[in-house]
Structure formats: C-alpha cells, structure tokens
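A.B. asks: structure, please.
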Amino acid sequence: MRDTRGEGGGGDEDKIVKSEKDQSWIPKIIKKRVCTTFVEDSFSNGALCQCGGARDAHASVALGDYFSTAMVNHWDSAQHSSEYPTDAFGEIHFAGASKRHSYFLRLSWDTVPSMVYTLMTAHWGLPSPNLVVSVVGGEGRTKVKTWVREVLRQGLVKASQSTGAWIITTGLREGVGRCVGEAVRDHATAASSVPLNKVVALGIAPWGLVHNRTQLVNSQGSFPAKYYVQNTSRDSCCLDNNYQAFLLVDDGSEGRRGGETGFRAKLEDYISHQRTGSGSIDIPVLCMLVSGEASMLERVDLSLKTSMPWLVLAGSGGLADFLSDLLENLSSAPAAQSSGEGDGEAGPSVDLKDRVAERVRKHFPSDTESDKLVEQVSALSIYQNRGFITIYHGEQEGPNDFDTVLLKALVGASKQRTSVDASPYNEELKLAVTWNRVDIAKSELFNGDIQWRYDDLEDSMTDALINDKPQFVRLFTENGLNILDYLTYGRLESLYRSVADGTMLYQLLQRRLVEEKYLDSVFVSYSTSFFTQVAGVLELLMGDVCQPFYYDALGLEQISSKRRALRRASKLLRGDCLYRRERCLFPWASLFIWAVLQNRSEMATFFWEMAGESVLSALSGCKILRELSKLEVETETKLSMKELAQRFETVAHDVFSSCYQSNENRSFTLLIRKSPVWGGTTCLQMGMGADARLFFSHDGVQSLLSQIWWGDMERNTEVWKLLLTFFCPVLCYTNLISFRKQEDHHQEEEGKPNEDAPGRDSDSLYGATIFSFSDIKHIGKSSLNTTPACINNHIQQVPPKRPFVVSRWRQFWFAPVTAFLGNVLMYFLFLLLFAYVLLVDFKRPPPKGPAITEYVLYFWVFTIVCEEIRETFFLGTMNWRQRIRVYIQDVWNKCDLIAIILFVIGLICRMFEWSYGFGREILCVDYMVFTLRLIHIFAIHKQLGPKIIIVGKMMKDVFFFLFFLGVWQMAYGVANQALLYSYDPNLDRIFRRVFYRPYLHIFGQIPVEEMDGTKSQWDMECTDNITLIDSGEEPCRVLYSNWLVVILLVVYLLVTNILLINLLIAMFSHTFSEVQANSDIYWKFQRYNLIVQYHSRPSLAPPFIILSHINLFIKRTIRKVPSVKIHHFVLKLKGKAANRLMTWETIQKEDFLTAQNKIQKSSDSERLKRMSVKVDGMVKHLTESRDFDHRLRALESELESIKRICQNCSFKSMIKQDSMIFIAQTRASTFSAPFSNMEKKITCS
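C.D. replies: Residues are numbered from 1 along each chain as shown. Presented below is the predicted three-dimensional model:
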C-alpha cells in the first residue's frame, strides 16, 4: 500500500479508497488537544496565551473564565487543554520532493503507546524493528559538527541498515533530524539493488512547531495530503520528506519545543518490552545523545530510571560534553573523605554535589538555574546510573565500527539488568543473532575467551534456524552445540510449525492437513502433529522412490494403509507424545530436508556438508527441488529452485567422481547401497527419480551399468558372436565368447596393499563388485549377516559348484544383453508374422477363419500381455496403486498399452461379419503402433540412441508448427471455399477442400483448372440447380471473385512454403544444435531404464516366455522361493561394512570440499576480497596511528604551554624576589642611617 502510490491511475484510486476504509476508525480513538484556557503571557501585553497561540485563535470558552484565568500563573497542558477527535491523519505527498508517500498522525501527548505501535506495524505496514535508536538533542538551528554528520551517515544509518532498525528523531528539516534524513536517503539509494534491511526513519515532533501544518488538516483523513516545503536548502521546522512516518504530538501549544518528550519516552519504553520479529528477545532500544540543552537532563534522568541505555557522543557539545565530563573525569577523581568515617555517607555526597555543580557551571555558564539542575534535575542520579550510559568519542574513533559500539552499549546496559545466575554474554549473543552480525559474534564472543555451554546456545540456535542464518548455525556447531542433543522430534516438529505463510511448503502442509481430515472423520487432536503431514508432502515430492519418512518415530512403519496410519497417529497423540522427547535418528539429514523444502540455499548446503551419504543426499535434494519447482507459481522462486537443484546434481556428480577416482569397486557399492536414511532407496533409483542426467552420464555410473548389462561376459564381446551363439547355443561352451573369471574382481582390491591402514580387515566387503545377477542375489542374502567376514566368506563360496555345462549356460542366457538380443530377434519375427497375417492370411470371420498363423499371432500377443502384467504387478515392493502410477508414467508403457488395447478391439471386431472391416482397419493401425515400439528397443545403441532423443525433441517442434499451419490453413481454406463455391452443403467436400486441399497446395498439387477462372474449360460436370446440389451434385464455380482467389493462393503459398517451412527448419536446427551437445547425456540417462527392464526380464522372449512364467509361478506360489530380481541393483549393508563405506564416502566428500575451497581461495575475486580486507586493516591502523600522532602533538603543545607558563611563573618569582631584596636593602639602609650619623658624631668627638 505504501511507496507505490506516487503516480495516477485506477489502481491508485482503489488503494486510496482502501486506505480510507482501513483508517476510518482513527478519529474515534486518537485525539488531539486544543487550548481551552487563555493564560495571558506577560511579555506579549495580553496578545498571546502562554500556550503560544494568539488571543483571536482561542475559542470564546477559553476567553470567558476571567476569574480562573487570573488565578493561573503558569499554563499546563493537562489542565488547560481538552481532547477532541484528531483531524490530521493519513498520508503525505511532498510536492516537488518525492513520489513516495509517508504516513502521519496528529495525536495527544497522553495517547496509549500500544495503540500507536499497532497502528504503525499493522496498518501502516512498517516492519517490526530489531533495534530502535532514538536520537535526542541537536534540535533547532544548532550547527551539527562535520564528524557528527559522518557518525550519523557512516555509522548510525549504516549500522541500522544491517540490523533492520528504526531511527527516531524529530523528523524536521533542522539540526540532527535533517542529517539523519539525508543519510537514510543516501543509503536507500545506494542499496536499492542490494537485499539489505530497510531502515525506517520515524519522526516524532510537536504538532504546534510544524510549519504549514494546516495543509495536513482534514477531519476525514488525507490520502494523500499535499505538503509544500519552501527553502529546502535552509533549516526549518518543515517535515522532512526522507522519513517514512510522522507522529505529531499535540499538547495544545504552538511554537513550543518539548511537548513530545513525554510521549516519546513512553513509546520507547513500550517498544522495549515488545519482541523482535523472530521472537527471541525484547526489541533493544537505545537513546543517542547529540549535543543537547541543559533542560534535557530531566529527560535523561527519567529514562535512566527505567533502565534505558544511552549512548553519548562526547565532543558534540552541550549536554553530551557535560555528561562525558561528569562520568569520565568525576569518576576518576579521588573522594574527599574516607567511607570509614562517622559521617562517611554525607561527606562524599556533599563533595560530589559540589563537583557536579562546578561542572554544570562550567558547561552551562549562561544558565542561571544551575543549582536547580543539581538539586531538582538530579544530575547525581544520572551519575549513580552511569552503568547505562556509554561514552563514544566519535571524533577520535571514527564511524566504521559503530555497529559494534551500539552492540556493546546495549550489552553493557543489559548486564546491569541481568541476574547473577544468567550468563552476562547471553544478551550480547542474542542481539548479534537478531542483527545477523556473525562477524561481531566471532570477534567478540567466540574468540576462545568464553566457554559456552549447551544451554547458552540452544535458544540462539533455534532463532538462527527459523530466521535463516546459516553462518550462526555453522558457528554454533563449531563451538560446542551437539546436534544430537539439540534436535529432538519435538523440536523438529516446532521447526516445521514455524514455516512462513505463503510459502510453497506451507501450502502443501495445509493441503495435506485437509486431505488427512477428509480421510479420518474422527480427527480429534491429530492436528497438533506435523510429522504425518510432512511425510505426506515428502511422499508427494519423492514419489515411489523411497519409503515414507518419520513413520518410525510414530511407530507406523508396519502400517501400509493411510487411514489406519492416521488413526494410529491420532490415538498416539492423545497420550503423552513421548516421541517428541526422543532424539532424531538422523539429525543432519532431517535438517537438510527441512531447509531444502523451504528453498534455503546456504542453509541446505551447510546441512549437506554435515550429513552423511553425501551423494544420495545431494540427489535427494535435487529431486525435492525439481518437484517443488513444478508446483511453484512465482517465476523467480521457480528459477532459484531449479538453480539449487542443478547445483546439488553437480555436487553429487563431483563427489562421486572423487569416489570413483579413489576406488572403483567401492564407488559401485555406493551406487547400489540401500540407504536407511533415505527410506531404503539407492543412488541409482534416486538419480533416476530426480532426472539427474549429468550424474548418470558419469563414467563410473556407465561402467557399472555396462558390467550389469554384459553380466559375466566380457564387455568387448562383438555382437556377431552373440548372434551366432544365440542361434547355435553350443558355441557358448567354446572360446568364441570370453567370460570373466569369478576370481578376477575379488583380487582387484588385494593388489593394493596400501589402500587402507595396516590393520585393515582383509575380509572387507569392498572386494566384491556387483557385476551380475548371481552376485546381486548372493550379496542380497549374505548382507543379512552382521560381520563383513561372514559376508565375504559367503561370497567366496558363491556361485555354488555346478557342472560346467550348467554354469556356462546360465552365464550366457542370464545376461541382460542376451535377453535383449533374444527379444529383438523375436520381436522382428513377431512383426513379420503380423504383417503376413494382415497382407496374406487375414481370412473372413468364423467359421471361415481365422487362419492358423493368426492364432499363433494371438498367442504371441497373449504372452506379451502376460509379461506386461508381470512387470507391472509382480515386480517391486510397491502397492498396486503405486505400481500402476509408475507404469503409466513411462511413455513406452503407454505405447504398449495402446497397442494391446487396439489389438483386443480389432480382434473382437474381426470376429463378426458386420464389424469385420472395422476390425481389420484397427489391426492395421495397431501394426503401426507395434512397429514404432522398435524405437525404444534401439535406444540402447550408442549411435542410434542419441538420434532417437533428438527426434523426440523435434516432435515437440512439429506440434508447434502444426498449430500455426492449422490456423493458416483454416483461414485460407474457408475463404477459398467460400469464394469458389457460393453454395455447397456437402460436408465431405467441404472438409476436403477446406483442410486437405490447402495441405496439398504446400507440396505443389494445385488444381489450376478449378481455381483459375480465366480457363473456362473444366472437365468436372457441375450444376447451379440448388435442388441437385442438395442431392449431392457438384456445384459450379463462382467466377466474378476469381481474382481474389488467385491473390489468396499466392499469399498462402508465400506464407506456408517460405515463412512457416523455414520457421520449422530453424526450429529443427535450434533443437538439433541444443540437444546434440547433450544428446549423449540424455542417452546415457535413458539407458538405465532399458538395462533395468531387461535385467528383470526372463531370459526367454515371447512367445517362449510363457515357459519362464510357468517356472516363476511354480517357484513363487508352490515352492515359496522369494524373488531376488524384485530389487533392482539393491545392496543392503549393515554393521561394520556400512560404517566403513560411509566413512570412506565422508572422507572423499571432505577431500572434495577442501579442493573446492582451495580453488575458490585462489580465484581472483577471493584474492581481491582478501586484499581489500588487508587494505582496510592497514587503513584502520594508519588512521589509528594518525590519531595517536594528533594526540601526541596535542600533548606536546600542552606541555609547551605548561612549560611557558612555568617559565613565566619562575621569571615572575625571580623578579619578585629581587624586588623584595631591593626593598629590604632600602629599608635597612633607611633604618641604619641615624645610627651611622650618631657613630660619626661620636667618632668626631
């Protein structure tokens, strides 16, 4: 509503109307004050009241009570003014100064502060502050010193911008208020494109002091009020347009200062008892004294009694210099008397009072009431509360570290209020977290001098997590916070409850809550839990890749029905909810999911670094983010999700590359290891679900897939050898095909003696690589054992000793490549049989047909259907709904489904005489669908696979082209048909001439005789008889508009053959160039699905696959032999083997992160950043040394002056001594003269 209404328009008018409705209640609650008693000002000869208003401006009631007026000597607002509904509120538009609007309100000095604070935050939309700095002093036409301006600009406003603060001044274009307004404006301009916290400048000024205040008066509110400011270059009492809001305090006076002091102090005190946006601490409020008059001592004293901290700018003049002198020099002066004497209490206070009075007279020599300042204003009280006052020498220290000064001032005051048991650094830590100043926390709190306890960091950790401050989370975990003790299920639940409204995660949780209420009609107290909702959201995002999350915490892991699970959870939550006190099993992974769901990039990256199973965790984050981006509506958020997902995929690729380079066999185990953290999934399954093409394109993943694809055969076996052996199976017992020896891959690891520590267990699972079906089957069984030794010993004994004939037969026919080859050959035979039936042997309905070959075709399709049913419902561990959903998601499965349905429909229709033709047509179309299925079969080929992907991408371009072509064809076809034939009701001819004939025009088939009217010869018989035309005869052409037909034909051919065709070519070229670079990646990604499909498929191909189905039925149903192929490439590790693999993966991840940090540090940007830090440090040291030089010079000059004074004093004392001697000698000679005369006379006599 604010900051966007500076320009006209209908939307602005709607906003103005809305603002009026939202603030129409203000006059009913907020009041103004009007002087109701005229108290004559003795200095104005009766023309003015002591309130400052003229006699004529007062109402008759105020002038009528002469008796009471005569008894009053001093005007008082509480007694001599009355309240009326306010008539000045709304928004201000500063004409000629700014397009932005500011809020204002005229209110009485005794208005309740809570009401005003709610108005500012809830109705005006001002953000809740993390800090409030109230600048006091520097009012009027006081000249602000240059260094004070720099402190306000570079120190206060910049620090407030980094903390999200409110700055309170008078809001007038004079003194300090003007300096603050200009500083806020400059920083807002400089940081317009930087996501910094916005500083709110709030002006609290006396209503009677504001110039041009009558422009703001409107009893209905001003939306906006035009406020004109003259002489903007000079100081004046006009409102400053750089402030966001103004509170104009009315005490009934005019032209008097100080009327807002009481309300401002109450508002500051009220805000100091409110909580910050994060809710962790009370909003810190700091009063900052700049200059100031002696009358402000009372204001300082009152706020100090409420424990309000003050920051005094020493050297700014006035009251600030007085307080700095009082606190610094007076506290260092020795006491006159000892406290052990009898009147020890009265003595020092009398001496202290004298010294305070001396300093008052020193700093305020013109103030005639200095004694009153000492006695009544209680400067002694200020001195006694000096713990809440911080002296800042801004002229010497500079404004660079002003935010640290603010923090220390607030912490110093909080130490005075904290109890003895509380840690004195807790408040400082909470303030640093609230302001998100991790640099201050590192330098001041976590420098090694303080031993932090877990209890001290717990609340701050929660605050940092909720408010997305990953640097603090990293700092806490590095300095004593144990995540295992911290993250319980109850705290994790509270973190999910703190999700901000309006986010995608919040919407999904709410949607899940509604679904659960719908499923469970007896929903009692279940709404207090979030775990089932979070599990539902993760199930929506992760799909069927993994099992439900957090069901183990609620004891629901054995329940498959959602309704039963909800009822069980509802019953559990009616109890004590003991699960909330339990530790989270995988804390870092849980926090990683929580951060990823909220798209918190830096936080999620840190949690990924701390969590185990780094490759799988990165792929899981990629999967969640890509699914969230599909649901997200906002473009910017969608792009950030996709970017973070791509980053996690790249990280998974790079970490696995590091693992693959370290140890190939271990990396293979890493890909198929079943994870207990991520719901029993594997890296391959999660990568496929996350559409991680880059990850699948890695050589290590492709190497594993290739080894699984070839089974026990060598990967370099030629295809012709396979074909020859396929048609002549006896050749598998010869050396035509090379088979890997079972001992080869067991000895690969043994050839590396220095791979692990000297005490490495020789019976390590890492020696076994999963290459073939037999390996997976055996390791799947043996992984149930607890020790790796048992696992390896079992592996060494498998496969069991079978005859060579049987073992070699199984090695050849059980390989996925053999099954694929057999299916390809048999599928070609199937297509040949299908074509033969359609072209040669498709007989009439029974009893004449079908033929024997057609019955064979029916049986063949039946075996294909059986295999599709087996793959859908008898493979995997999912329920039937999940199976159907997964089956439908695959494009080629849809193609198979369409082909089978069409075949069944065609089969049914061809059995009846009346639908025989229709059934044959459907079977012909079905043959095309079955033939197109060959494309998927050849996707495994290294050259054809990428080309198939390119063709698939180009099909999307064709659909866009057909859309444009269809629009243009319809436009031309309808116009051409209407111009050529005035009347033709035949729909068949209309359809052909409107759509089909314009399509043929593109390829040059143009019926010139029909369209060119100049050629009167037309071999088509036509008529103009409407009756005949209605019966189906050909209508004759219309010749008078033939010229327009020709023009339209030319334009149509020009657009289609030149414009649209070239557009299609350009689209194909763009798609080809775009996909060609990544076609290999796409092909490698799709190759996985094909390998999984043929790995789980029986060796025999349709129609002989029915034998494999019968064998499987006997094994599963009768013999109860469990299936091993039901798990695709899954290896379940437990105990020591799992710990070793996880430790090895963690080491590789740490090595990768170390290498990345080195690369980042060696980059030019990081070097420049470190260089800038060093330069800043040198500049700071130079500044400090320059300050020391200035101080030394000042001391030297003072010493010189003292020396000259001493010399003068010594010279004067010498002169005085000489004069005294001379006087003494003179007096002595005068005194001795009579005696000498007498002596002379005696001598003469």
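
A.B. asks: give the buried residues for the strand or helix carrying Gly917.
C.D. replies: According to DSSP states H and E, Gly917 maps onto helix 916-932. For helix 916-932, burial by neighbour count (16 or more other CB atoms under 10 Å) applies to Tyr916, Gly919, Ile922, Leu923, Asp926, Tyr927, Val929, Phe930. Yep, even glycine has a C-beta here, placed from its N, CA and C like the rest.

A.B. asks: residue contacts, the third one?
C.D. replies: What it means is Ile922. When contacts are counted by CB atoms under 8 Å, 6 or more residues apart in numbering, Ile922 touches Leu902, Ile905, Gly906, Cys909.

A.B. asks: and if we set it to 6 Å?
C.D. replies: By CB atoms under 6 Å, 6 or more residues apart in numbering, the residues touching Ile922 are Leu902, Ile905, Gly906.

A.B. asks: repeat for the fifth one
C.D. replies: Contacts were defined as CB under 6 Å, 6+ apart; by that measure Asp926 touches Ala899, Leu902, Phe903, Gly906.

A.B. asks: of these, which belong to strands?
C.D. replies: Counting by DSSP state E, the contacts of Asp926 place none of their members in strands.

A.B. asks: what about the residues you listed, which are in helices?
C.D. replies: Residues of the contacts of Asp926 located in helices (DSSP state H): Ala899, Leu902, Phe903, Gly906.

A.B. asks: okay, those residues in TSV with distance to Asp269 and pLDDT next?
C.D. replies: Below are the ones in helices among the contacts of Asp926 laid out as TSV (distance: CB to CB, whole Å; pLDDT from 0 to 100):
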residue	distance to Asp269	pLDDT
Ala899	80	95
Leu902	81	95
Phe903	84	96
Gly906	87	95
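
A.B. asks: with distance to Leu1090 and neighbour count added, can I get the residues you listed in CSV?
C.D. replies: Below are these laid out as CSV (distance: CB to CB, whole Å; neighbours: other CB atoms under 10 Å):
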residue, distance to Leu1090, neighbour count
Ala899, 18, 21
Leu902, 24, 19
Phe903, 23, 22
Gly906, 28, 21
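
A.B. asks: tell me the gap between the helix holding Gly917 and the middle of its chain.
C.D. replies: Helix 916-932 has its C-alpha centroid displaced from the chain centroid by 54 Å (CA atoms, centre = their mean, to the nearest Å).

A.B. asks: what's downstream of it, the next helix or strand?
C.D. replies: Remark: after helix 916-932, the chain's next helix or strand is helix 934-937, criterion DSSP H and E.

A.B. asks: list the buried residues of that next one.
C.D. replies: His936, Ile937.

A.B. asks: please export the C-alpha coordinates of that helix as CSV.
C.D. replies: C-alpha atoms of helix 934-937 as CSV (Å, rounded to 0.1, in the frame of the first residue of the first chain):
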residue,chain,number,x,y,z
LEU,A,934,11.2,-50.7,-32.2
ILE,A,935,12.4,-47.1,-31.5
HIS,A,936,12.6,-47.9,-27.8
ILE,A,937,14.4,-51.1,-28.4
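
A.B. asks: elements contacting the helix or strand just after it?
C.D. replies: Next along the chain after helix 934-937, taking DSSP H and E as the criterion, comes helix 944-980. Helix 944-980 sits against helix 997-1001, helix 1042-1053, helix 1061-1076, helix 1079-1096, with contacts defined as 3 or more CB pairs under 6 Å, 6 or more residues apart in numbering; DSSP states H and E.

A.B. asks: ends of stretch 629-640, what's the gap?
C.D. replies: Terminal residues of stretch 629-640 lie 9 Å apart, using CA to CA, to the nearest Å.

A.B. asks: what residues of that stretch count as buried?
C.D. replies: Under the neighbour-count criterion of 16+ other CB under 10 Å, stretch 629-640 has Ser629, Glu632, Lys638, Ser640 buried.

A.B. asks: could you dump the contacts of Asp926 into a markdown table with distance to Cys237 added?
C.D. replies: A markdown table is the format used below for the contacts of Asp926 (distance: CB to CB, whole Å):
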| residue | distance to Cys237 |
| --- | --- |
| Ala899 | 87 |
| Leu902 | 88 |
| Phe903 | 92 |
| Gly906 | 93 |
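
A.B. asks: quick one: which two of those are the most distant?
C.D. replies: Across the contacts of Asp926, no pair lies farther apart than Ala899 and Gly906, at 10.5 Å, counting by CB to CB.

A.B. asks: flag the shaky bits of the stretch 901-1050 of the chain, pLDDT-wise.
C.D. replies: Applying pLDDT under 70 to the stretch 901-1050 of the chain flags residues 1013-1018.

A.B. asks: could you rerun that using 90?
C.D. replies: 933-965, 976-977, 979-993, 995-997, 999-1046 (pLDDT under 90).

A.B. asks: likewise for the stretch 751-900 of the chain?
C.D. replies: In the stretch 751-900 of the chain, residues with pLDDT under 90: 751-815, 846-849, 870-893.

A.B. asks: ok, which stretches of it are helices?
C.D. replies: For the stretch 751-900 of the chain, applying DSSP state H, counting those that start in this stretch gives helices covering 773-782, 788-797, 804-813, 816-839, 852-873, 880-889, 891-910.

A.B. asks: now swap in the stretch 351-500 of the chain and tell me
C.D. replies: Here the stretch 351-500 of the chain has its helices, by DSSP H, counting those that start in this stretch, at 370-375, 379-384, 394-397, 402-417, 426-435, 438-440, 454-466, 470-477, 483-486, 489-497.

A.B. asks: comparing the ones you listed, which comes out most buried?
C.D. replies: A comparison of the helices of the stretch 351-500 of the chain by mean neighbour count, using mean count of other CB atoms under 10 Å, puts helix 426-435 on top with a mean of 24.
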